[in-house]
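Chemist: what shape does this take:
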Amino acid sequence: MELWQLKQRQGLPLEAKIILSKKRIRQFCETPNEKYQYIKPYISFSGGKDSTVLLNLVRSIYPDTPAVFVNTGLEYPEIVEFVKTIPNVTWLRPKMNFKEVLEKYGYPVVSKEVSQKIYEYRTAKSEKTKHIRWYGTGNAYKSGKIPEKWKYLVKAPFKVCDKCCYVMKKAPMRHYKCYVGTMTQDSHLRKQQYLRKGCNSFKGKIQSMPMAFWLEEDVWAYIKLNNLKYASVYDNGVSRTGCMFCMFGVHLEKGENRFQKMKKSHPKLYNYCINDLGCGKVLDYINVEY
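Modeler: Predicted coordinates:
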């Protein structure tokens, strides 16, 4: 798919997006696959607004579709309480808690891409890998270089890594074929994934992203249109409800960032994050107020 096609779909009215998303949902469920025959998918349900809309879209077509929720211990308490109100949800847990992930691998800083490159540079067993990550030459991908702005993190007095998302969320879900509520607006990585594979992927990781071309305003418009209940945390000034202690993208937030808001709304969890887990020293190092 070309970028102009994505932008065209993002510009569609909500009614057209709903029709197209439901078409992709049916295609994912009703297209036979040589290995799995007809897929019997789950709904990847995080309790956030996007997956709340996804759940409603899928169950409007297939009411008995089960959902699966990974209780990482990093969700807002309001999210966990909201998930408890949703029927037919399987609860999973990761094998490691967040503190163990930080100790073994490192902190999620800046972005997945940057953290991955920092981690690979610092743990590289060959000079070639270090060369690629530092200079961006020696391989076919120009994106292999650590951005100049973040090279100082190579000497950070703490570990940096992107593996927390895999360990905490993806690994427990690895045997599930799911509808997921991710959108290309969320990150460059998700946009590239959509441009390569489209909404439905039947090779490699089998999953469907039927809302990939939606925008955040579409999500709220759908919630209002269908009078959907959603997690109360959104009414308390929180705009995104991923893992509470994740530091990916916090340096880009305008006004009060997620940690400054957490200090007011969830002071005990804030203290645990900043002091007990050591996220304060990381935020100090990347010059982010908290």
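
Chemist: the strands in the stretch 151-290 of the chain, which residues?
Modeler: All strands of the stretch 151-290 of the chain, identified by DSSP state E, counting those that start in this stretch, fall at 178-179, 200-201, 207-208, 247-248.

Chemist: looking at those strands, which is closest to residue 150?
Modeler: strand 247-248 (12.5 Å; Cβ to Cβ). (C-beta placed from N, C-alpha, C; glycine too.)

Chemist: neighbouring strands - and their directions - for that closest one?
Modeler: strand 109-110 (parallel) (DSSP bridges).

Chemist: buried set for whichever helix or strand comes after the partner strand?
Modeler: Counting by DSSP states H and E, the element after strand 109-110 in chain order, helix or strand, is helix 112-123. With burial defined by 16 or more other Cβ atoms under 10 Å, the residues of helix 112-123 counted as buried are 112-122.

Chemist: cool, stretch 180-199 as well?
Modeler: 180-187, 190-191, 193-194, 197-199.

Chemist: what about it, start to end distance?
Modeler: End-to-end distance for stretch 180-199, by Cα to Cα, to the nearest Å: 10 Å.

Chemist: equivalent analysis for stretch 190-203, please.
Modeler: 17 Å.

Chemist: now find how far off-centre it is within its chain.
Modeler: Between the centre of stretch 190-203 and the centre of its chain there are 15 Å (Cα atoms, centre = their mean, to the nearest Å).

Chemist: again with stretch 61-81
Modeler: Here stretch 61-81 shows a centroid-to-chain-centroid distance of 14 Å under the convention Cα atoms, centre = their mean.

Chemist: got the CA coordinates for that stretch in CSV?
Modeler: Taking Å, rounded to 0.1, in the frame of the first residue of the first chain, the C-alpha atoms of stretch 61-81 are listed here in CSV:
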residue,chain,number,x,y,z
ILE,A,61,-20.8,-8.8,13.8
TYR,A,62,-19.7,-11.8,15.8
PRO,A,63,-21.3,-11.4,19.3
ASP,A,64,-19.6,-14.4,20.8
THR,A,65,-16.0,-13.4,19.9
PRO,A,66,-13.9,-13.8,23.1
ALA,A,67,-11.5,-11.1,24.2
VAL,A,68,-8.1,-11.5,25.9
PHE,A,69,-6.6,-9.0,28.4
VAL,A,70,-3.0,-9.1,29.6
ASN,A,71,-2.9,-7.9,33.2
THR,A,72,0.7,-6.6,33.3
GLY,A,73,0.4,-4.8,36.7
LEU,A,74,1.1,-1.6,34.8
GLU,A,75,-2.4,-0.6,33.9
TYR,A,76,-4.3,2.2,35.6
PRO,A,77,-6.5,0.8,38.4
GLU,A,78,-9.5,2.3,36.5
ILE,A,79,-8.6,0.3,33.5
VAL,A,80,-8.5,-3.0,35.4
GLU,A,81,-11.9,-2.2,37.0
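
Chemist: buried residues in that stretch?
Modeler: 62, 65-70, 72, 74-76, 78-79.

Chemist: with that, I have no additional questions.
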